[in-house]
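>>> mind looking at a prediction? Sequence and model below.
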Amino acid sequence: MHPRNARTPERLLARVRNAAQLGGKDQLDAIAALQQLVAEYPKDDRLWNTLAQALIAANDYQGALEAARMVVTHNPSNPTPGYINAGIASRELGDILAASAFFGRALARAPHDPLIQFQCAKTFRAAGETGSAARAYVEAIAYAAEERDDIVALAIAGLGGLEPHPLLPTHLRTLIDTARAVSERRCAPARLHLQRIIARTPDAITRDAALTMLSFLWRNRERTTGERPS
């Protein structure tokens, strides 16, 4: 059952997000308002999920984990948001095993969700699993395409921050180097690398990621006079 009064949830969610960026008393007040609402409406999974997000923003990961579990409890037909926030909170608490399990459940329900792939990549990276992290970043980029430019940018930055493992396939090592070039706005070498990957790699997801990165590069660069996309 969802509450119907004017304090919930969309306007409050916007308030929490804005307050979380500012920190301080505004953030604490927003979280206190959410806690009061979940006390009044303890079965509203939307409020629990908003509270979990707010607590993550406030670095209260134990509280966020508990709130995320309530999302799963009260919305068993769509527990994915709860799994995602529980995974983030568990990772930040240092419990990589639990984080991996939560993200695994989320992926089973939404395997092409770029946010889940991105959070999986961060978890693999925290566990020191470079190859798995690289692959998950690539999938996040490919699945985000132009619909989630924010995730594309974050995933490119994450991929570029990896140190390539010598046993990684050549196309993944090249894509890591290319992501670093994109992040550093070295557009010419990045473009050449991406064009080679698109032309040569047999892996469809890697090719899609390279196409997305090329599109992102052109959308976010300052073009010189007369320059055109390839």
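Okay, I see it. Residues are numbered from 1 along each chain as shown.
>>> residue ranges with poor pLDDT in the protein?
Within the chain, the stretches with pLDDT under 70 are 1-24, 221-230.
>>> helices of that one, start to end?
Ranges of helices in the chain, per DSSP state H, are 10-22, 24-40, 45-57, 61-74, 80-92, 96-109, 114-126, 130-144, 149-160, 170-183, 187-200, 204-219.
>>> mean neighbour count added to these, as CSV?
C-beta coordinates here come from the backbone N, C-alpha and C atoms, glycine included. Below are these laid out as CSV (neighbours: other C-beta atoms under 10 Å):
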stretch, mean neighbour count
helix 10-22, 15
helix 24-40, 15
helix 45-57, 24
helix 61-74, 21
helix 80-92, 24
helix 96-109, 18
helix 114-126, 23
helix 130-144, 24
helix 149-160, 21
helix 170-183, 21
helix 187-200, 16
helix 204-219, 19
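>>> nearest spatial neighbour of Leu28, skipping sequence neighbours?
Once flanking residues are discounted, Leu28 sits nearest to Ala58: 7.8 Å by C-beta to C-beta, 6 or more residues apart in numbering.
>>> got the phi and psi for the one you found?
phi -90, psi 10 (degrees, to the nearest 10).
>>> hang on, it packs against Ala30?
No - the criterion here is C-beta atoms under 8 Å, and Ala58 misses it with Ala30 at 9.2 Å.
>>> which ones are touching the closest residue to Ala181 other than its chain neighbours?
The shortest distance from Ala181 to any non-neighbouring residue, by C-beta to C-beta, 6+ apart, is to Ala190 (3.8 Å). Applying C-beta atoms under 8 Å, 6 or more residues apart in numbering, we find Ala190 in contact with 178, 181-182, 213, 217.
>>> next one: Leu192
Counting by C-beta under 8 Å, 6+ apart, Leu192 has no contacts.
>>> separation between it and Thr174?
From Leu192 across to Thr174, the span is 11 Å (C-beta to C-beta, to the nearest Å).
>>> one more: Ala210?
Counting by C-beta to C-beta, the gap from Ala210 to Thr174 is 9 Å.
>>> do Ala142 as well
For Ala142, the distance to Thr174 - C-beta to C-beta - is 15 Å.
>>> how about Gly94?
33 Å.
>>> please apply the same query to Leu51.
Taken as C-beta to C-beta, the span from Leu51 to Thr174 is 42 Å.
>>> likewise for Leu65?
From Leu65 to Thr174 the distance is 38 Å (C-beta to C-beta).
>>> repeat that for Ala188.
For Ala188 relative to Thr174 (C-beta to C-beta), the value is 16 Å.
>>> and for Ala68?
37 Å.
>>> with Asn78 instead?
38 Å.
>>> how about Leu194?
Taken as C-beta to C-beta, the span from Leu194 to Thr174 is 9 Å.
>>> before we move on, what about Lys25?
Where Thr174 is concerned, Lys25 sits at a distance of 48 Å (C-beta to C-beta).
>>> same check on Glu129?
Distance from Glu129 to Thr174, by C-beta to C-beta: 20 Å.
>>> could you do Asn75 as well?
Applying C-beta to C-beta to Asn75 and Thr174 gives a distance of 42 Å.
>>> now swap in Arg186 and tell me
Distance from Arg186 to Thr174, by C-beta to C-beta: 14 Å.
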